[in-house]
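Requesting a structural model of the entry that follows:
(chains A and B)
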Amino acid sequence: MLHINCPFCGLRAQKEFAYGGDATVKRPELNKEVSKEEWDNFVYMRKSPRGKHIELWHHISGCRQWFKVQRDTATHEIFKTAKMSEEIT
Amino acid sequence: MQKYSVFSLIKNAFSDHQNWEVAWKDPTPKSEYDVVIIGGGGHGLATAYYLAKEHNITKVAVIEKGWIGGGNVGRNTTIIRSNFMYDANARFNEFGMDLWRNLSQELNFNVMFSPRGIINLAHSDAQMNAYARRGNSMRLNGIDAKLLNRDEVKKLIPMADFSDEVRFPIFGGLMQPSAGTARHDGVAWGYARQADSMGVDIIQHCEVEGFDVEGGKIKGVRTSKGVIKAKKVGLCVAGSTNILAEKLNMTLPIETHLLQACVSEPVKPVLDGVVTFGAGHFYISQSDKGEMVMGGDLDGYNSYAQRGNLPTIQHVLTGGLALFPFLSRLKMLRTWGGIMDMSMDGSPIIDKTHIEGLYLNCGWCYGGFKSTPVSGWTFAHTIAQDRLHELNADLTLNRFSNGYLLDEKGLGTKTWIS
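So this is what the prediction gives:
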């Protein structure tokens, strides 16, 4: 089982969390012309790398906050977690 | 090639089975091929076989990073079915069912295809209505579908929980009697042996490190065993699709996720066909050895690990116990995982790409095994003729941007939920 460090609650078991997918996907800006390609990239296209992956998790059985996790998709090692307002580089 | 038969079995018994021919050779790669197939799984080997058999293209290499049959073709739960609602998926997989029915004879290798039926259980009136609709769609496409009521289901799977106390009572189910199971390793080995006998080079332990693309045209692949020139290259690498796409600077509507399965200790026959639980994600069949073969949800986050996490197994088996309480008395023999190329609408992609001579076969989600023959058949056609066959005409890469999605379950792009 993964142990995820919620930025608000601290280290908790995976069972308390729900996954939210790739966190690097950018929604096209509101009230601007959106090209078909930009929209496709946002909705469908995913890098899905083997290795470091920045993703969203939801502490659904805890503080119910969304946050970012940087995790290795092959070893499941978690390098960093951050609030939504923070950047993971 | 030596033909397998009862006579060859008897003949070889006299020499203690020491003189059987090798089923496929272990060649060193030539410098050039007409077609290089990347990925020596079921789909890759089937593609090579149909390229040689249907299209007379035998200067073909199948290159595999590990060993053939070591990926998803050896990790699935062996279910074969064509109970799809949409025309494109239904036609495609029903053509595959026809290939399955004749596969053991065609390959001279017993793939143990056993059409004992699949039952999708319904636990509400709404679900019965949805299954009636799906069953009607199937029948319009010439696929056998049978809507079962509660009593009919009870006759077929009497060991399921039909008591009054259950949280999700069984209302009925949709059955495809011609669905079934097969021996997955045998499928890989059978295709490999026949492809090899027709001149295909099966090159194992050969990892792709990069691609040579010039002027928008594929020229070859760079591998751990040197550069291999190729006129055409086909990608058949399931969960590793995104790794190769990155080397080609392509981004695809695919995410890689982990799916687990498990088997119990072997018991006497209790379950004839395949059964899926309609109120959770759980499916079960019984192998010829007597093990209960079970699977269900994805682990739920992007993963290339090829091994799973215990909470998912626990969650899946909770659903299993709700349906079949007798499972609680069985010991689990083993669990394992495979990495799935989850497409954004749950349906596969067999298509050309923007690079000339490069072909893509991916997006099988967790239903790749049943489509092994038809995937190889249509992919071979696509590569040989450089155009899609009508069977895979809708399984295109650009259906996502065009809006012609094939979302059987209506789940959208959250692949880890499906």
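
Mind telling me what element residue 37 is part of?
Looking at chain A here, since you left the chain open. Using DSSP states H and E, A:Glu37 maps to helix A:36-43.

Can you look at chain B instead?
B:Ile37 is located in strand B:32-38, with elements delineated by DSSP H and E.

and that strand, what does it pack onto?
helix B:42-55, strand B:60-63, strand B:217-223, strand B:226-235 (3 or more Cβ pairs under 8 Å, 6 or more residues apart in numbering or on different chains; DSSP states H and E). All C-beta atoms are positioned from the backbone trio N, CA, C, and that covers glycine.

let's see 10 Å
helix B:42-55, strand B:60-63, strand B:201-203, strand B:208-214, strand B:217-223, strand B:226-235, strand B:358-362, helix B:372-385 (3 or more Cβ pairs under 10 Å, 6 or more residues apart in numbering or on different chains; DSSP states H and E).

what's the neighbour count on residue 78?
Picked chain A for this. Neighbour count for A:Ile78, taken as other Cβ atoms under 10 Å in any protein chain shown: 16.

Oops, wrong one, chain B.
When neighbours are counted by other Cβ under 10 Å, B:Thr78 comes out with 24.

That one reaches B:Thr181, doesn't it?
Yes. Counting by Cβ atoms under 10 Å, B:Thr78 does reach B:Thr181; the two are 4.5 Å apart.

Need the overlap of contacts for those two.
Both B:Thr78 and B:Thr181 are contacted by B:112-114, B:274, B:285, B:287, B:293, B:369-370, under the criterion Cβ atoms under 10 Å, 6 or more residues apart in numbering or on different chains.

Show the low-confidence segments of chain A, by residue range.
By pLDDT under 70, chain A has no low-scoring segment.

Where do the strands of it begin and end?
A:3-6, A:10-13, A:18-22, A:52-58, A:66-72, A:78-83 (DSSP state E).

Kindly report the same for the stretch 201-350 of chain B.
Secondary structure of the stretch 201-350 of chain B (DSSP state E, counting those that start in this stretch): strands at B:201-203, B:208-214, B:217-223, B:226-235, B:254-264, B:274-277, B:282-286, B:292-302, B:332-343, B:349-352.

residues in chain A within reach of chain B, list them.
Contact residues (Cβ under 10 Å from any Cβ of the partner chain) of chain A with chain B: A:1-2, A:13-15, A:17-22, A:25, A:36-37, A:39-51, A:53, A:55, A:57, A:69, A:71-76.

In terms of residue numbering, what are the domains of chain B?
According to automatic domain parsing, chain B comprises the domains B:28-109+B:183-253+B:345-402, B:118-180+B:256-343.

that older thread, right, and the helices and strands packed on strand B:32-38 - which one's nearest chain A?
In terms of Cβ to the nearest Cβ, the element of the helices and strands packed on strand B:32-38 nearest to chain A is strand B:358-362, at 11.4 Å.

can you tell if the closest one touches chain A?
No. Using Cβ under 10 Å from any Cβ, strand B:358-362 stays clear of chain A, coming no nearer than 11.4 Å.

What helices and strands are in contact with that strand?
For strand B:358-362, the contact count by 3+ Cβ pairs under 10 Å, 6+ apart identifies strand B:32-38, helix B:42-55, strand B:217-223, strand B:226-235, helix B:241-247, strand B:332-343, strand B:349-352, helix B:372-385 as packing neighbours.

ok and that strand relative to strand B:208-214, angle-wise?
Interaxial angle of strand B:358-362 relative to strand B:208-214 (axes from the mean of the first three to the mean of the last three Cα atoms, to 10 degrees): 140 degrees.

So what are the sheet partners of strand B:358-362 and their directions?
Taking DSSP bridges as the criterion, strand B:358-362 forms sheet pairs with strand B:226-235 (parallel), strand B:349-352 (antiparallel).

want to throw the domains of chain B into JSON lines with mean pLDDT?
Formatted as JSON lines, the domains of chain B follow (pLDDT from 0 to 100):
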{"stretch": "domain B:28-109+B:183-253+B:345-402", "mean pLDDT": "97"}
{"stretch": "domain B:118-180+B:256-343", "mean pLDDT": "96"}
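
No more questions from me, cheers.
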